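[1] let's see this in three dimensions:
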Amino acid sequence: MFKQHVNTPRYAKDAATKLYVDELGVKLQTAIDDAIDTIPPPLDAYTKTEADIRYVNVAGDTMTGDLTINKADAQIHLKKTAGTGAYITTYNGSLPRWSLQLGNVTAESGANAGSDFALLRFSDAGALVDAPLVINRSTGLGTVAGNPTAPLGIATKGYVDTAVGVINPANFVLKAGDTMSGDLRINKTAPYLVLDKTTDAGAVIIGKRNGLNRWFINVGASDPETGGNAGSGFYLTRCNDDGSVGADVLFMDRVTGASRWAGDLTIRKSNPFVVLDKAASGQSNIVAGVKAGVTRWWLRVGNDEPESSGDAGSNFDILRWSDTGAYLGGSLNITRATGNVIINNNLSIQKELVVNGSCTVFGPGLSLSGPAGQSATFNMTKAVDGDVIQSYISTYAGSKWLWRWADAGSNDINLYRLNAAGSIVSTPISVVWSTGNINFNATVSVGNSLTVGGPITAYGGMWIHNNTDAGIVYLGNSGAVYLQNDGASLNLFGKPVIMNNALTISGILNANGKIAINNSTGLIANSAGSQALEVKSAGVGNSSFMAFHIPGSFASNFGIDTDTFWKVGGWSMGAVAHKVWHDGICPNSGTYFRMPSGLMYVMGTCPAGMGNGWVNFPVAFPTTVLGIAITGQAALADGSSITCNQQAFEHGRFYFQPRYVNSGGAVGVATQLYFYVAWGY
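    Residues are numbered from 1 along each chain as shown. Model (predicted):
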């Protein structure tokens, strides 16, 4: 039978009434400030033990799950009493780590004093260390534990005052407007200098000399903004010596982007460019000549003929206009697809033809003929040393060449091979102006005799033949020294070969004489780069080796195999590769050797008559000793047996106990010579 109580049940097995449970739910809701929207009424009566497990006690309790407040304007209220603190503390196990004081124990004495904000930290043992951050409730000012030590640390006023000294207003620029005595430098990624005007006034950068205006850069002039991107145009304005405003040099319209210059435009640089970039096919790139606002000439560098396949359209033409501005027709047209030039009027050259750019001739050729007694001359002159003199050669199939008759700076003659996009692919021929040397940077084929008065440098292949597989290169002026290709091999006659630099041989080198290598430097233990002779494999998966051959008797290969061990084998030795043992992987003076797997064997003796004691290995084991085998030199004369024990062993030694047992059963310390073998890693 259930016991009914109006208030709190007295015993663990007492039944909890609906009234008790409802009151407990109300208390919980009050404690978390309405954090839980509703508590469903119990469907049945709980015992006190069941109710205590299900709900958090108002008087204080521990939750085993997370607490989530899911509502609009979610809040947690910590209501402390005078002289106490309101804390949120985090723990690592049972030890505190951080405590957030949302109102500390500082007494409230009026004028908003007391109950300050503080963040406390604790040691690994849970002891309070200090307060890294404190904010005064009255002033709102915060303090930190100390001065910064890291670049992103919080800088205190004391730290800043010490670092920069007493702040002098004269060292800073006023926001309301001021004058700087030094340069202004913005050092950051993508720096900006922003002029933000508030009305239809100008946004101006002014250059002065001794207080007098010289230039205005108006990045948003005072012309009113009326919509449609109108107004706030860009002006570059020059000033007179007295500082008064002169005239606008440059204007840019913000609506169209059109520019208007008041003076001449000169581009002075190596390979100058003027780019006209039209937006779409069917439009024109136009340079117009105008007199008093009336058109005289149009130079269309890409006219309005639509572009289609086969590079059609956007052709070049020159158009002319009458005195009244009426269109008269075209004088010159160059088709972009073919490069053909159409001249609609007669072309008469009375004296000289000066071409400052490129000149392309299609047809049977360009003829130069002077009057009787005079030479026909084709002159090409560049204005400054940094310029180039060049000729483009284009074929219908798209092949392109560029002859630079005087390259920039060096004045060398270079023949460039271009790709379809016009980018340089290679430089097959170069003629050096300073020396007169001719450099062929690609394969050169000479079908007949070639006489060269100076050295020949070939960066590609050199073919010398008389339409056969054989060929001869004579060295010197006597004909006594020459290279001959007899169709089977290349032979040098007359002199020995001396190589002063590296020699790379991709095929076979046959030497009937002695090969002397004289420039080896450093030591065998050095890294790569100092060797005089290098035998290199074709890459991973191939051995690096050379052959030793006694013709008609024996031959074998010697080198480094793919497992990086030195080996000898093959040829007369058959399909084998025997490892070459050395002191890195073989017995060393009879004391130790190391297997390819890393297993190490150490051998030695225990001196006769040493008795019990430690025996040092001649070489210590790097990691561990796996075992030791010990045997005596011989049995005793009376037939007694000898034994030994190793009680302990370390990386570099083991403890030795020699024993004998005679025929009578007596046991003693053996004085014989003992041998041992130890193994390990």
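[2] quick check: E23 is in a strand.
    No. Read with DSSP: H, G, I helix; E, B strand; the rest coil, E23 is helix and lies in no strand.
[3] in contact with it, which residues?
    Contact analysis of E23 by CB atoms under 8 Å, 6 or more residues apart in numbering lists nothing. Heads up, the C-betas are built off the backbone N, CA and C, glycines and all.
[4] and for S430?
    S430 touches D412, I413, N414, L415, I438, N439, N441, counting by CB under 8 Å, 6+ apart.
[5] spit out the contact partners of the fourth one.
    When you say that, I think you mean L415. W401, L402, W403, R404, T427, P428, I429, S430.
[6] tell me the gap between whatever helix or strand the third one lives in and the middle of its chain.
    Assigned by DSSP states H and E, W403 falls within strand 400-406. The chain centre lies 36 Å from the centre of strand 400-406; the measure is CA atoms, centre = their mean, to the nearest Å.
[7] can you start the count at 74 instead of 1 from here on
    Renumbered: residue one is now 74, and that last one reads strand 473-479.
[8] list the strands paired with it, with their directions.
    When sheet partners are counted by DSSP bridges, strand 473-479 sits next to strand 462-467 (antiparallel), strand 486-491 (antiparallel).
[9] would TSV of those strands with distance to S381 be doable?
    What follows is the strands paired with strand 473-479, written out as TSV (distance: least, CB to CB, whole Å):
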stretch	distance to S381
strand 462-467	21
strand 486-491	25
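[10] who wins for proximity to V740 among those strands?
    Among the strands paired with strand 473-479, the nearest to V740 by CB to CB is strand 486-491 (96.4 Å).
[11] for the stretch 274-423 of the chain, what spans make up the strands?
    Counting by DSSP state E, counting those that start in this stretch, the stretch 274-423 of the chain has strands at residues 277-282, 285-292, 307-312, 318-325, 332-334, 359-364, 367-374, 389-394, 400-407, 414-416.
[12] same for the last one, what does it pack against?
    In other words, strand 414-416. For strand 414-416, the packing partners by 3 or more CB pairs under 8 Å, 6 or more residues apart in numbering; DSSP states H and E come out as strand 400-407.
[13] same deal with the fifth one?
    Here strand 332-334 is seen to pack against strand 318-325 when contacts are counted using 3+ CB pairs under 8 Å, 6+ apart.
[14] can you tell me the SS state at the residue nearest to the spatial centre of the chain?
    Centroid-nearest residue in the chain: T262, 17.7 Å away (criterion: CA atoms, centre = their mean). Here T262 is recorded as coil under three-state DSSP.
[15] what's near enough to touch the residue lying closest to L372 once chain neighbours are set aside?
    Counting by CB to CB, 6 or more residues apart in numbering, V360 is the residue found nearest to L372 once chain neighbours are left out, at 4.2 Å. Contacts for V360 (CB under 8 Å, 6+ apart) come out as L349, W371, L372, R373, V374.
[16] from D321, how far off is V360?
    Using CB to CB, to the nearest Å, V360 is found at 22 Å from D321.
[17] ok, now V692?
    Taking CB to CB as the measure, V692 falls 91 Å from D321.
[18] which one of the contacts of S503 is nearest K270?
    Distance to K270, by CB to CB, is smallest for N487 among the contacts of S503, at 53.4 Å.
[19] that closest one: neighbour count?
    N487 has 22 neighbours, counted by other CB atoms under 10 Å.
[20] is it bridged to anything, and to what?
    On the basis of DSSP bridges, N487 is bridged to R477, S503.
[21] mind listing what it touches?
    Here N487 is in contact with W476, R477, D480, T500, I502, S503, V504 (CB under 8 Å, 6+ apart).
[22] where does the last one land on pLDDT?
    Same thing as V504. At V504, the model reports a pLDDT of 88.
[23] mind checking how far it is from T454?
    Per CB to CB, V504 is found 18 Å from T454.
[24] what does the fourth one give?
    Applying CB to CB, the value for T500 to T454 is 23 Å.
[25] count of neighbours near the closest residue to V688 other than its chain neighbours?
    With CB to CB, 6+ apart as the criterion, V688 has its nearest non-adjacent residue at 4.9 Å, and that residue is F729. Burial measure for F729: 22 neighbouring residues, criterion other CB under 10 Å.
[26] phi first, then psi, for F729.
    Dihedral angles of F729 (phi, psi; degrees, to the nearest 10) stand at phi -120, psi 130.
[27] quick check: beta-bridge partners of it?
    Beta bridges link F729 to G686, Q719 when assigned by DSSP bridges.
[28] ok, it to N689 distance?
    F729 sits 11 Å away from N689, going by CB to CB.
[29] give me the element H724 is part of.
    Of the helices and strands defined by DSSP H and E, none includes H724.
[30] which residues touch it?
    H724 makes contacts with A693, F694, P695, T696, T697, V698, as judged by CB under 8 Å, 6+ apart.
[31] just the buried residues out of the residues you listed, in ChimeraX syntax.
    Per 16 or more other CB atoms under 10 Å, the buried members of the contacts of H724 correspond to this ChimeraX selection:
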select :694,698
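[32] which single one of the contacts of H724 is nearest to L746?
    V698 (22.0 Å).
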